[in-house]
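Colleague: Sharing a model that was predicted from the sequence below.
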Amino acid sequence: MYFWLIVVIGVILCVLLLQFDRYRWRGYRMARGRFFYTHPLQLGTLQQYCYHLTVNADVQRKLINNLMLNEQHDEVYNTVWLLYTPSQYFPVIQVWYRHILLTDLDTHYAQALYNSLIDHDFAIGRPIAVVARFRYFRLTHSEGRLACQVQLDLPEDPLSVSELILVPTNEQ
């Protein structure tokens, strides 16, 4: 009789400990996510804008509306985020501007970039802030529609990105 009582109490204690650990781990992940989004990794500027993004027409329209651009604006420089999302076969790195998903990086470039940043927090969800150049132009004079071209300030060789990461002194 006492044996079964001890077994039941032991099982209940194990379940309670597992629930407490799950709750504690969830709180840690939420705090880590908040910290990462308020303190993204910064990439040193190269002023080269070598990486061109292919952005579809829907996203171009969202960008033009979001930035409230008209014909007077030729180029605009803003910060975009590179965010790693786990995938089954290869790393997927998404490019975000505020709440707009622009596109994914090229598969080979993303693989090399991920491998070069394996020592940083990028692999566990910390975004990288990169300067992007948004160029606006008319498609045709008769149509009057604006189009957008996005270029990222990333080097041609993604393996050199780890040398350009700027870590604030209070986080080292």
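Modeller: All right, it came through fine.
Colleague: The most centrally placed residue in the chain: what's it in contact with?
Modeller: In the chain, the C-alpha nearest the mean C-alpha coordinate belongs to Leu83, at 1.8 Å (Cα atoms, centre = their mean). The contact partners of Leu83, by Cβ atoms under 8 Å, 6 or more residues apart in numbering, come to Ile93, Gln94, Val95, Trp96, Gly125, Pro127. Every C-beta, even on glycine, is put in place using the N, C-alpha and C of the backbone.
Colleague: in which helix or strand would I find the residue lying closest to Ile100 once chain neighbours are set aside?
Modeller: Nearest residue to Ile100, sequence neighbours excluded (Cβ to Cβ, 6 or more residues apart in numbering): Lys62, at 5.3 Å. Using DSSP states H and E, Lys62 falls within helix 57-67.
Colleague: Please name every helix or strand in contact with that helix.
Modeller: Under the contact definition 3 or more Cβ pairs under 8 Å, 6 or more residues apart in numbering; DSSP states H and E, helix 57-67 sits against strand 100-104, strand 128-138, strand 146-152.
Colleague: Redo those strands as JSON lines? Include mean pLDDT, mean neighbour count and distance to Asn78.
Modeller: Compiled in JSON lines, the helices and strands packed on helix 57-67 are given as follows (pLDDT from 0 to 100; neighbours: other Cβ atoms under 10 Å; distance: least, Cβ to Cβ, whole Å):
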{"stretch": "strand 100-104", "mean pLDDT": "91", "mean neighbour count": "16", "distance to Asn78": "11"}
{"stretch": "strand 128-138", "mean pLDDT": "86", "mean neighbour count": "18", "distance to Asn78": "6"}
{"stretch": "strand 146-152", "mean pLDDT": "85", "mean neighbour count": "19", "distance to Asn78": "10"}
